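Visitor: Predicted model and sequence follow; I will ask about them next.
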Amino acid sequence: MNKFSYPPFSEKLLKVLKSTSKVIITGHTKPDGDCYNSQLAMGHLMRALGCKEVILANEGPFEREETKIVEHLFEKKLTDEMLSNSPLLILVDCGELNRIGDFKNQVKNLKTVVLDHHPTSLSQGWEFSYIFPASISTTLIVKKLYDTLNIEITLEVASQLFFGFATDSGFFKFIPPHNGIALREVADLIEKGASPSETNALMSGGKPFLYLKNTSLLIDRTSFVCNDEVALSYFRLSDNGECPSDSYYSQIMSVENVKAVCVFKELEGKVVLGLRVNYNSNFNVSAFALTYGGGGHIKASGATIEGNYQEIVDKVTKDIAKAYSNK
Ligand SMILES: [Mn+2]
């Protein structure tokens with residue numbers, strides 16, 4: 001792909017946003033920095049457009065350290081009152097209803113606007129959508145909406161939009177060539193007051209010592225397949241503290257030959273599969289996750305699989321070795 005710009009928003013999408021007096025803004029469960037900041041910034045945008053009732057909802061869980069301070073801003077349950085008078089639904093950083101948890105059945109008949117950058121959302125047939133996988137983060141799509149509608153980006157919103165970008169770019173690490181526009185948009189956010197140093201401290205600081213110890217636990221438990229190019233590790237229900245997947249991915253990716261990483265996180269009756277690949281690998285983990293009902297990006301994806309822990313680990317390990325070899 002050569003240098004590109006963001007396509008314009010459709011007139012009908014803009015019209016729906018401008019004519020809405022009640023909105024529910026939600027995103028995927030287990031929100032990350034891109035998801036919840038897109039929700040917050042869209043909340044502000046809708047109020048600026050004159051929308052009277054803005055409901056921010058996310059089922060959670062708010063697991064990541066940096067999400068805990070914003071958790072109280074989001075409704076975890078949708079009441080009949082919230083669903084009355086046909087609110088508009090805005091889905092951000094997610095284009096599949098089965099990724100929003102139990103809300104799915106309550107909102108499936110609402111008129112829906114989707115703002116997302118996951119390629120798996122393209123096939124969902126949304127009428128009012130802006131799905132652009134080349135955008136590093138959903139917050140950069142939200143920024144494009146602010147600029148299109150001429151809504152002022154305050155310091156608070158600039159910080160939110162930058163945070164989403166910082167999360168999904170691995171703090172500037174995962175940016176492909178030709179995507180100069182991302183950095184031009186980010187420069188604008190920094191000029192408006194977003195602080196990379198403060199965001200970095202928020203994102204990577206303040207973790208309990210156990211998080212670091214668990215990173216070494218995952219490193220210790222690593223096994224390799226496919227000529228040591230695929231690293232696998234696991235975090236059991238009986239382990240204490242948080243599963244440090246992100247920290248583990250970046251550590252294990254620094255090992256020579258490693259091109260792909262898979263983490264099995266055991267929950268009650270199910271396993272959360274996390275997948276990452278190196279920037280120059282052509283193994284499509286989004287497609288792989290999709291075979292287990294998951295999804296995500298070409299280089300970062302995941303799935304939640306119900307069933308027996310050991311059976312899931314054995315099957316996925318076999319499948320990933322096969323898929324990786326056939327890529
Ligand atoms: Mn995202």
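Guide: Great, that's in hand. Quantities reported herein were computed from a predicted structural model and do not represent experimental measurements.
Visitor: Near the ion, which residues of the stretch 51-200 of the chain are found?
Guide: Proximity of the stretch 51-200 of the chain to the ion is confined to 93, 138, 168 under the rule CB under 5 Å from the ion. Heads up, the C-betas are built off the backbone N, CA and C, glycines and all.
Visitor: how about the residue of the chain found nearest the ion, what does it touch?
Guide: At 3.4 Å from the ion, residue 34 is the closest residue in the chain, using CB to the ion. The neighbours of residue 34, taking CB atoms under 8 Å, 6 or more residues apart in numbering as the test, are 93, 137-139, 164-165, 167-168.
Visitor: so who does residue 304 touch?
Guide: For residue 304, counting by CB under 8 Å, 6+ apart, the contacting residues are 267, 270-273, 293-294.
Visitor: repeat that with 10 Å
Guide: Counting by CB atoms under 10 Å, 6 or more residues apart in numbering, residue 304 touches 29-30, 99, 265, 267, 270-273, 289, 292-294.
Visitor: so can I have CSV of those residues showing pLDDT and neighbour count?
Guide: Formatted as CSV, the contacts of residue 304 follow (pLDDT from 0 to 100; neighbours: other CB atoms under 10 Å):
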residue, pLDDT, neighbour count
29, 93, 19
30, 90, 19
99, 90, 22
265, 97, 21
267, 96, 13
270, 96, 15
271, 97, 25
272, 96, 18
273, 97, 23
289, 95, 23
292, 95, 19
293, 91, 11
294, 89, 23
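Visitor: residue ranges with poor pLDDT in the protein?
Guide: 1 (pLDDT under 70).
Visitor: For residue 10, the count of nearby residues, please.
Guide: By other CB atoms under 10 Å, the residues close to residue 10 number 13.
Visitor: can you tell me which residues contact it?
Guide: With CB under 10 Å, 6+ apart, residue 10 has these contacts: 16, 127-130.
Visitor: now those in JSON lines, with secondary structure, neighbour count and distance to residue 10?
Guide: Output for the contacts of residue 10, formatted as JSON lines (DSSP: H, G, I helix; E, B strand; the rest coil; neighbours: other CB atoms under 10 Å; distance: CB to CB, whole Å):
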{"residue": "16", "secondary structure": "helix", "neighbour count": "17", "distance to residue 10": "10"}
{"residue": "127", "secondary structure": "coil", "neighbour count": "12", "distance to residue 10": "10"}
{"residue": "128", "secondary structure": "strand", "neighbour count": "20", "distance to residue 10": "8"}
{"residue": "129", "secondary structure": "strand", "neighbour count": "20", "distance to residue 10": "9"}
{"residue": "130", "secondary structure": "strand", "neighbour count": "24", "distance to residue 10": "8"}
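Visitor: I'd say residue 327 and residue 288 touch.
Guide: Yes - if you go by CB atoms under 10 Å, residue 327 and residue 288 touch, sitting 9.4 Å apart.
Visitor: got any residues that touch both of these two?
Guide: Listed as contacting both residue 327 and residue 288 by CB under 10 Å, 6+ apart are 260, 277.
Visitor: and these two? which has more neighbours close in?
Guide: Shown here are residue 327 and residue 288; by other CB under 10 Å, residue 288 has more neighbours (24 against 14).
Visitor: Check the offset of the host helix or strand of the more buried one from the chain's centre.
Guide: Using DSSP states H and E, residue 288 falls within helix 285-290. Relative to its chain's centre, helix 285-290 lies at 15 Å (CA atoms, centre = their mean, to the nearest Å).
Visitor: Nice, that's everything, thank you.
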